[in-house]
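A.B. asks: sequence plus the predicted model coming up.
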Amino acid sequence: MSDCTFSPSLCHIDLGAIRRNFGRMGQPQALMPVIKSDAYGHGLVPVARVLAEAGARRFAVGTVSEGMVLRDAGLRQAIVPLLGALTDVDWQGAVMQGLTPVVGNFDQLERAAAHCHAGRTLRVAIKCETGMGRLGFSEAELPQVIDRLRSIQGIAPAMVISHFSCADVPEQDAYTQDQIRRFTAMSDALRAVFPEIERSLCNTAGTIGRPEAHFEICRPGISLYGGNPFAGTAWQDKGARLGLEWAMSVSAPVIEVRQVAEGRSVSYGRLFTAQKPATVAVVAIGYATAFNRSLSTRTAMLINGYRAPQVGRVCMGMIMADITGLPPVRVGDTAWLVGGPAEPGQTPVTPQDIADTLGTISYEVLCLFGGMNPRVYG
């Protein structure tokens, strides 16, 4: 059976931009690039390969399954599944493939112990809860954790990690500093017994804005794909100075060009009624492939290098653009919903623009576009 595609829209991934962004985040040996959730929609294996070529020595993925895919693709770097091993099959895969699963509770610790085999060392990453309030051992639990780790033959605590809650919010500096203090104390206790253990606390925001918390390993994520974690905050320039490049663009073909008479409306709900004769292009993308319905009448796109406002209700597989007064647009021309080539004086729509319009973050925009549209690489 041939592959079935239900939209002609495409995600264009610039692997060179990802490689350059990685280089902007620090020395490769001090980084663990985060490529979970299919590399934020950019493609797990292609992104891992280009980062490996750029010197990456380790990767953070979401699941054991993602780690196994990287092993099957020939990647031999250290691989840390951030959700840990969730089933016995996961644990078996982690052991056989030499992954470093996160362990953040006593049940996981005992399951790790049960999967340690003679002659094979299981490396684990110890997760500490320092203020995110989701996963990880508490400070009070740590002495018991250390005692148990010392008693398990075949287990090697290779890393101690935690995660910032609000390092991207300058006004929450006191809370972030308290997380750094907690992590320092907990990791010091582990290093007193396991002196080779490496420490990792910083996400992208911490990597850019908290040099005092870099420790041995930083975990940049959104910055690899072009996003500034400080967008819209007082620290926006901290990220902007790096010159990060968006790696994803989204295109779709124009499938119809229509003349709309004065007083006539376009699409569901009559959100757009022409106040004068108008020319409207119909573009083959919609909410089924991640062009959010809430963007209706609130965004724009580039067609032949010129910005055209999106008009009318976003449909399942179509959107409309007002191209009145623009250079001629024909069926088969390309509309760029994100990124794309712009004429002088024109600006592409960015994932951050869409995120701001929707009241969300660029991470979500990238994951959805990349997950719902075929990807092409350049």
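C.D. replies: Looks like it arrived, so ask away.

A.B. asks: packing partners of the top helix by length along the chain?
C.D. replies: Among the segments of the chain that qualify as a helix by DSSP state H, the longest is helix 173-193. Judged by 3 or more C-beta pairs under 8 Å, 6 or more residues apart in numbering; DSSP states H and E, the packing partners of helix 173-193 are helix 142-151, strand 155-161, strand 198-200. Quick note: C-beta positions are derived from backbone N, CA and C, even for glycine.

A.B. asks: buried stuff in it?
C.D. replies: For helix 173-193, burial by neighbour count (16 or more other C-beta atoms under 10 Å) applies to 176, 179, 180, 182, 183, 184, 186, 187, 189, 190.

A.B. asks: list the contacts of that helix.
C.D. replies: 126, 128, 130-131, 137, 139, 142-143, 146, 149-150, 157, 160, 162, 164-167, 197, 199, 201, 210, 212-213, 215 (C-beta atoms under 8 Å, 6 or more residues apart in numbering).

A.B. asks: hmm, back to that, for the buried residues of helix 173-193, which one is nearest residue 286?
C.D. replies: residue 176 (40.0 Å; C-beta to C-beta).

A.B. asks: host element of the spatially most central residue of the chain?
C.D. replies: Centroid-nearest residue in the chain: residue 40, 3.2 Å away (criterion: C-alpha atoms, centre = their mean). Using DSSP states H and E, residue 40 maps to helix 36-41.

A.B. asks: report the buried members of the contacts of helix 173-193.
C.D. replies: 126, 128, 130-131, 137, 142, 146, 149, 157, 160, 162, 164-165, 167, 197, 199, 201, 210, 213, 215.

A.B. asks: what's the local residue count around residue 116?
C.D. replies: A count of nearby residues for residue 116, using other C-beta atoms under 10 Å, gives 17.

A.B. asks: contacts only, for it.
C.D. replies: 95, 122, 152, 153, 154, 155.

A.B. asks: now tabulate the helices and strands packed on helix 173-193 in CSV and tack on mean pLDDT.
C.D. replies: CSV is the format used below for the helices and strands packed on helix 173-193 (pLDDT from 0 to 100):
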stretch, mean pLDDT
helix 142-151, 97
strand 155-161, 97
strand 198-200, 98
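
A.B. asks: export those to CSV and tack on distance to residue 268?
C.D. replies: Listed next are the helices and strands packed on helix 173-193 as CSV, based on distance: least, C-beta to C-beta, whole Å:
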stretch, distance to residue 268
helix 142-151, 56
strand 155-161, 47
strand 198-200, 48
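
A.B. asks: looking at these, which is nearest to residue 32?
C.D. replies: strand 198-200 (6.4 Å).

A.B. asks: could you look up the next helix or strand downstream of that closest one?
C.D. replies: helix 204-209.

A.B. asks: which residues are in contact with the helix or strand following that following helix?
C.D. replies: Using DSSP H and E, the next helix or strand after helix 204-209 towards the C-terminus is helix 236-240. Helix 236-240 has contacts (C-beta under 8 Å, 6+ apart) with 208, 209, 223, 228, 229, 230, 231.

A.B. asks: do the same with stretch 362-378
C.D. replies: Residues contacting stretch 362-378 (C-beta under 8 Å, 6+ apart): 5, 7, 9-16, 37-43, 46, 221-222, 225, 227, 231, 248, 250, 288-290, 292, 338, 350-352, 354-355, 358.

A.B. asks: mind doing that once more with 6 Å?
C.D. replies: 9-15, 37, 40-43, 46, 222, 225, 227, 248, 250, 289-290, 351-352, 354-355 (C-beta atoms under 6 Å, 6 or more residues apart in numbering).

A.B. asks: so which of these sit within strands?
C.D. replies: Judged by DSSP state E, strands contain the following of the contacts of stretch 362-378: 10, 11, 12, 13, 248, 250.

A.B. asks: ok, now how distant is the first one from residue 290?
C.D. replies: Which is residue 10. To residue 290, residue 10 is 12 Å away according to C-beta to C-beta, to the nearest Å.

A.B. asks: neighbour count for those two, which is higher?
C.D. replies: residue 290 (24 against 20).

A.B. asks: end to end on stretch 136-145, go ahead and measure it.
C.D. replies: In stretch 136-145, first residue to last residue: 11 Å (C-alpha to C-alpha, to the nearest Å).

A.B. asks: contacts for that stretch next, please.
C.D. replies: 104, 127, 128, 129, 186, 189.

A.B. asks: hang on, the earlier thing: quick check, distance from the helix holding residue 40 to the centre of its chain.
C.D. replies: Centroid displacement of helix 36-41 relative to its chain, using C-alpha atoms, centre = their mean, to the nearest Å, is 6 Å.

A.B. asks: that one packs against which elements?
C.D. replies: helix 362-372 (3 or more C-beta pairs under 6 Å, 6 or more residues apart in numbering; DSSP states H and E).

A.B. asks: model confidence over the helix it packs on, on average?
C.D. replies: Per-residue pLDDT over helix 362-372 has a mean of 97.

A.B. asks: so for it, what gets flagged as buried?
C.D. replies: 362, 363, 364, 365, 366, 367, 368, 369, 370, 372.

A.B. asks: same thing with stretch 35-53?
C.D. replies: Here stretch 35-53 shows 35-52 as buried, counting by 16+ other C-beta under 10 Å.

A.B. asks: about what we covered before: need the contacts of helix 236-240 in CSV (columns: pLDDT, distance to residue 312 and neighbour count).
C.D. replies: Below are the contacts of helix 236-240 laid out as CSV (pLDDT from 0 to 100; distance: C-beta to C-beta, whole Å; neighbours: other C-beta atoms under 10 Å):
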residue, pLDDT, distance to residue 312, neighbour count
208, 98, 40, 26
209, 96, 41, 21
223, 98, 35, 23
228, 98, 31, 24
229, 97, 34, 26
230, 97, 35, 21
231, 96, 29, 18
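
A.B. asks: sweet, I'm off.
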